[in-house]
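Chemist: sequence unknown, structure follows:
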């Protein structure tokens, strides 16, 4: 669709730009076998295999897909292997969207992968546990106090 087709930078210069580059995302996923955080870190951005493959990824708008917005955000992908074999796939939504949600285990895994980059394991576990009863939360401070306390102790060290 139109908005996704504009994300066509084949040589992003940093992690944020890489996350908004369809060619880089596709190439890095193929090279690393994952679309997780490490697919967009400094090592991934400097990987010559990913850089070369990203140059060969072409993104173009399909107006029929653009017409499906905002209810859907579809994509078609075709990969042509060196031997001429074509692999194709399509989706109507991003994984993790309301209509294509993560499983509880996938969501928990993503949460810990993200939070443990910033907070120690015990804080991550405690935050996960607190978030499991978010619907019963009376005071937002019970959720944020843990992060504030941990931030203050980090700055003292």
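Modeler: Yep, that arrived. Just so it is clear, the structure is predicted and the values come from calculations on it, not from any experiment. Numbers count the residues shown, from 1 in each chain.

Chemist: which stretches of this structure have low pLDDT?
Modeler: The chain contains residues with pLDDT under 70 at 154-157.

Chemist: please enumerate the strands of it.
Modeler: Taking DSSP state E, the strands of the chain run over residues 75-80, 86-91.

Chemist: I'd like those as JSON lines, with distance to residue 153 appended.
Modeler: C-betas here are computed from N, CA, C, even on glycine. Listed next are the strands of the chain as JSON lines, based on distance: least, CB to CB, whole Å:
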{"stretch": "strand 75-80", "distance to residue 153": "44"}
{"stretch": "strand 86-91", "distance to residue 153": "43"}
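
Chemist: comparing these, which comes out most buried?
Modeler: Stretch with highest mean neighbour count among the strands of the chain: strand 75-80 (a mean of 12; mean count of other CB atoms under 10 Å).

Chemist: strands paired with it, and their directions?
Modeler: Strand pairing for strand 75-80, determined by DSSP bridges: strand 86-91 (antiparallel).

Chemist: wait, which of the strands of the chain is closest to residue 18?
Modeler: strand 75-80 (17.9 Å; CB to CB).

Chemist: contacting residues around that closest one?
Modeler: Strand 75-80 is contacted from outside by 1, 4, 26, 30, 62, 65, 86-91, using CB atoms under 8 Å, 6 or more residues apart in numbering.

Chemist: distance check, the residue nearest to residue 86 when sequence neighbours are not counted against residue 25.
Modeler: Leaving aside its chain neighbours, residue 86 sits nearest to residue 80 (5.3 Å; criterion: CB to CB, 6 or more residues apart in numbering). Distance of residue 80 to residue 25, given as CB to CB, to the nearest Å: 18 Å.

Chemist: and what of residue 111?
Modeler: Counting by CB to CB, the gap from residue 111 to residue 25 is 21 Å.

Chemist: neighbour count: the two, which is higher?
Modeler: Neighbours of residue 111 and residue 25, each counted by other CB atoms under 10 Å, are more numerous for residue 25; the result is 20 against 15.

Chemist: ok, the more buried one - contacts?
Modeler: Applying CB under 8 Å, 6+ apart to residue 25 gives the contacts 18-19, 35, 39-40.

Chemist: turn the residues you listed into TSV, columns for distance to residue 137 and neighbour count.
Modeler: As requested, those are exported to TSV (distance: CB to CB, whole Å; neighbours: other CB atoms under 10 Å):
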residue	distance to residue 137	neighbour count
18	35	24
19	30	14
35	32	14
39	33	24
40	32	23
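
Chemist: could you work out the most separated pair of these?
Modeler: Farthest pair in the contacts of residue 25 (CB to CB) is 18 and 35. Separation: 11.3 Å.
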